[in-house]
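S.K.: need a structure here:
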Amino acid sequence: MQRIGFIGIGLMGSHMARHFLHAGYPLTVWNRSKEKAADLLAAGAAWASSPREVAHTSDVVITMVTDSNASEQVICGSDGVLEGSRKDTILIDMGSIAPEMSQSIAERALAQGVLMLDAPVTGNPKVAQAGKLGIMVGGPRKTFEACLPLFEILAAKIVYVGEQNGMGTTLKLINNLILGVAIEAVSEAMVLSAKAGIDPQKVIDITSVGGARTGAMETRGPRMIKRDFSPGFSTDNMYKDLSSVIKLADEHGVCLPATTTAWDILRAAKSRGNGALDSCCVMTVLEELAHTAVNGTESD
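M.R.: Numbers count the residues shown, from 1 in each chain. This next block holds a predicted model:
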């Protein structure tokens, strides 16, 4: 059985790594903060002192870290994955990073005989815990087919995008374009309904059927009413992804007016110190502009 290495034991990674343990795979983990891996270690995972050591003891290394810089550091940096890899090691980067960084890392990996897949995911921590993620994969088809049993442990939907590295991360950006704009639209609907004297719960009720039904309303709407902005997908991460989307659109000559508006409101939320909160906290920016609150009170 393949030995799995997992780097990045965060809100998503902790659940993903645990699925491999439950499936019987030997698992070695590393995270900047060892305490975050305590439950996995107690369940039977081995601890590595560095990403390099993870790679040295693994057949497949999965990285699930915050952004492009973090991926590059743990893979290509000093004591990184590539320093400990063999020529038959497979590298799977499952973080949401820029497509050009995926391509760059893949080129450096290939120079050492390491094949890489970029395989970002869609879904929140609860979805990850249930093993129902969506996974978008770019990279060599034979490598994808070899890793398909691993993806099937984590996902309800797996989409192979193409042979070129960076295609998976590009599709993830497009996916998050839709999510970011949808959360902005839900926020606008909630604030407008409150200002117009309609209980925002009625918006959730009526949009549960018909063409306005969205996952963003179903997952974020109730949280907005409760003012539960605990992070599922943070404002910082959504802002990062929409920034990459806008850059990608500029490279291809595509105009994204709705995305740009959502990005601006995310930036306003960040400027208020809310970057670590869930991206649905953009509602609070709109509440301030409207001098109202979704709970029905007027704001100053």
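S.K.: Please make it C-alpha for all contacts and neighbour counts, starting now.
M.R.: Fine.
S.K.: Can you name every helix or strand that whichever helix or strand Pro149 is part of contacts?
M.R.: In this structure, Pro149 sits in helix 141-154 according to DSSP states H and E. If contacts are counted by 3 or more CA pairs under 8 Å, 6 or more residues apart in numbering; DSSP states H and E, helix 141-154 sits against helix 13-22, strand 115-118, strand 133-138, strand 155-162.
S.K.: Which of those has the highest mean neighbour count?
M.R.: strand 115-118 (a mean of 28; mean count of other CA atoms under 10 Å).
S.K.: what's in contact with that one?
M.R.: For strand 115-118, contacts defined as CA atoms under 8 Å, 6 or more residues apart in numbering pick out 88-94, 102, 106, 109-110, 136-140, 143-144, 165-169.
S.K.: ok, of those residues, which come out buried?
M.R.: Buried residues within the contacts of strand 115-118, defined by neighbour count using 16 or more other CA atoms under 10 Å: 89-94, 102, 106, 109, 136-140, 143-144, 165-169.
S.K.: which stretch among the helices and strands packed on helix 141-154 comes nearest Ser230?
M.R.: helix 13-22 (17.3 Å; CA to CA).
S.K.: starting at the chain centroid, how far to stretch 152-171?
M.R.: From the chain centre to the centre of stretch 152-171 is a distance of 13 Å (CA atoms, centre = their mean, to the nearest Å).
S.K.: Stretch 127-140 too?
M.R.: Relative to the centre of its chain, stretch 127-140 is centred 10 Å away, using CA atoms, centre = their mean.
S.K.: now stretch 62-71
M.R.: 10 Å.
S.K.: buried stuff in it?
M.R.: Buried positions in stretch 62-71, judged by neighbour count with 16+ other CA under 10 Å: 62-65, 67-68, 70-71.
S.K.: Convert it to CSV, retaining C-alpha atoms only.
M.R.: Extracted C-alpha coordinates of stretch 62-71, given in CSV (Å, rounded to 0.1, in the frame of the first residue of the first chain):
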residue,chain,number,x,y,z
ILE,A,62,0.0,15.9,-0.5
THR,A,63,0.3,19.5,0.4
MET,A,64,-2.6,21.5,1.6
VAL,A,65,-1.3,24.9,2.7
THR,A,66,-2.5,28.5,2.6
ASP,A,67,-1.3,30.1,-0.6
SER,A,68,1.2,30.2,-3.5
ASN,A,69,4.1,31.3,-1.3
ALA,A,70,3.5,28.6,1.3
SER,A,71,3.3,25.9,-1.3
